[in-house]
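In: got a structure for you, letters missing:
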Ligand SMILES: Nc1nc2c(c(=O)[nH]1)N[C@H]1C(S)=C(S)[C@@H](COP(=O)(O)O)O[C@H]1N2
Ligand SMILES: [Mo]
């Protein structure tokens, strides 16, 4: 069912005041605290969720001054938008910024399918309407051993999962990128099988850190970063963060994901950041943060272990890489 659009454009960034941003952050902390009753989160996990507040109500947010919960400064808007992986627009880091100018992320339709009580196909605006957007600074670690810190704007995927009510048969969620070779020159080549696909286990999808992202630096997503809707799973390698999503499907069996399909020996389904499990062709022990020369030590689960490690308790992380 396509629901008619009531508003003319995406939720404009101007509608989200610094006050909303501030209040949402507090709401997230409250929800995390409420969730802790059931999940028995360590106190340190809660502390880590207290993102430093950029501004009080009524003050302007200077996104370039934001820091991660570990005190890391965000990367520049220029870096975040001119050093990308998005093979639909080419394989080099500068291709997405150069080749995505003709891509039209609106109008846009998102389908929610599979084992859910409330499936549907929605215009983007209607799809987003129920959710409250919030800003969150996350590290992102690419499997190629570079990393960036980004002030994303989005909402917890858990909010969507709750709304669509998965049935007992839903064990995983699969995501699919748009296929539009007329506007995506990389899709006129066979560098990857199209469409790009990704997946999460249901508990990973409902982890409070997992975001459906619509923007960065307080603005709507630029094309090269996955406009108009992408996934961000901060404890996993960047390739799990599928861009320009058109379908979200709840399934029973572990879904395929593009890099596993291309090379199952080198890329797994889980793709949790793990400095102790090298890629077959290079170490994952260290990384280069964009804008720096020194190498940083890569953190287990990209530094989000307090919030996610319990999901993998008892799993052999060398086998399930
Ligand atoms: N559809 C699609 N999504 C994708 C990719 C891609 O090539 N196509 N690349 C992935 C990889 S490898 C990374 S590291 C991140 C990069 O996100 P960024 O360009 O916003 O930093 O996007 C991921 N999502
Ligand atoms: Mo990546």
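Out: Cool, the structure landed. Small disclaimer: the values here were computed from a predicted structure and weren't measured. Ligands and ions are numbered 1, 2, ... in the order given.
In: pretty sure residue 217 sits against residue 80.
Out: Yes. Residue 217 is within contact range of residue 80, at 7.4 Å (criterion: Cβ atoms under 8 Å). Just so you know, the C-beta spots here come from the backbone N, C-alpha and C atoms, and that holds for glycine as well.
In: contacts for stretch 260-275 next, please.
Out: 141, 143, 192-193, 197, 199, 235-237, 239-240, 254, 257, 259, 279-281, 284-286, 297-302, 308, 312, 317, 320-321 (Cβ atoms under 8 Å, 6 or more residues apart in numbering).
In: in PyMOL, select just the buried ones from those residues.
Out: For the buried members of the contacts of stretch 260-275, the matching PyMOL selection, counting by 16 or more other Cβ atoms under 10 Å, is:
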select buried, resi 141+143+192+197+199+235+236+237+239+240+257+259+284+298+299+300+301+302+308+312+317+321
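In: among the contacts of stretch 260-275, which are in helices?
Out: Among these, the ones falling in helices (DSSP state H) are 259, 308.
In: count the neighbours of the residue in the stretch 101-250 of the chain that ligand 1 sits nearest to for me.
Out: Proximity to ligand 1, evaluated over the stretch 101-250 of the chain using Cβ to the nearest ligand atom, is greatest for residue 238 at 2.6 Å. The number of residues packed near residue 238 is 21, by other Cβ atoms under 10 Å.
In: and the strand or helix carrying residue 152, how far from the chain's centre?
Out: Assessed by DSSP states H and E, residue 152 sits inside strand 146-156. Taking Cα atoms, centre = their mean, to the nearest Å, one finds strand 146-156 lying 7 Å from the centre of the chain it belongs to.
In: was I right to think residue 112 contacts residue 229?
Out: No. Using Cβ under 8 Å, residue 112 makes no contact with residue 229, being 12.0 Å away.
In: looking at these two, which is more packed in?
Out: Using other Cβ under 10 Å as the criterion, residue 112 and residue 229 rank with residue 229 on top: 26 against 20.
In: and the most centrally placed residue in the chain, how far is that from residue 305?
Out: Residue closest to the mean C-alpha point of the chain, counted by Cα atoms, centre = their mean, is residue 232 at 0.9 Å. Distance of residue 232 to residue 305, computed by Cβ to Cβ, to the nearest Å: 17 Å.
In: what do you get for residue 105?
Out: For residue 105 relative to residue 305 (Cβ to Cβ), the value is 34 Å.
In: for the stretch 201-321 of the chain, give me the ranges with low pLDDT.
Out: Along the stretch 201-321 of the chain, the model assigns pLDDT under 70 to no residue.
In: what does it put close to ligand 2?
Out: 238-239 (Cβ under 5 Å from the ion).
In: again, 8 Å this time
Out: Taking Cβ under 8 Å from the ion as the measure of proximity, the stretch 201-321 of the chain contacts ligand 2 at 237-239.
In: ok so residue 137 is a strand residue?
Out: Yes. Per DSSP: H, G, I helix; E, B strand; the rest coil, residue 137 lies within a strand segment.
In: need the pLDDT of it.
Out: For residue 137, the model assigns a pLDDT of 98.
In: still on that earlier bit, and the next helix or strand past the strand holding residue 152?
Out: helix 157-164.
In: what about that following helix, distance to the chain center?
Out: Helix 157-164 sits 15 Å away from the centroid of its parent chain (Cα atoms, centre = their mean).
In: so whichever helix or strand comes after that helix, near ligand 1 or not?
Out: Where DSSP H and E defines the elements, the next helix or strand beyond helix 157-164 is strand 172-177. Yes. If you take Cβ under 6 Å from any ligand atom as the test, strand 172-177 does meet ligand 1, through residue 177.
In: what mean pLDDT does strand 172-177 have?
Out: The predicted model assigns strand 172-177 a mean pLDDT of 99.
In: wondering if it reaches ligand 2 at all.
Out: No. Against ligand 2, strand 172-177 shows no contacts by Cβ under 8 Å from the ion, the least distance being 14.3 Å.
In: give me the sheet partners of that strand and which way each runs.
Out: strand 197-201 (antiparallel), strand 245-251 (antiparallel) (DSSP bridges).
In: in JSON lines, list the ones you listed along with distance to ligand 1.
Out: Listed next are the strands paired with strand 172-177 as JSON lines, based on distance: least, Cβ to the nearest ligand atom, whole Å:
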{"stretch": "strand 197-201", "distance to ligand 1": "8"}
{"stretch": "strand 245-251", "distance to ligand 1": "8"}
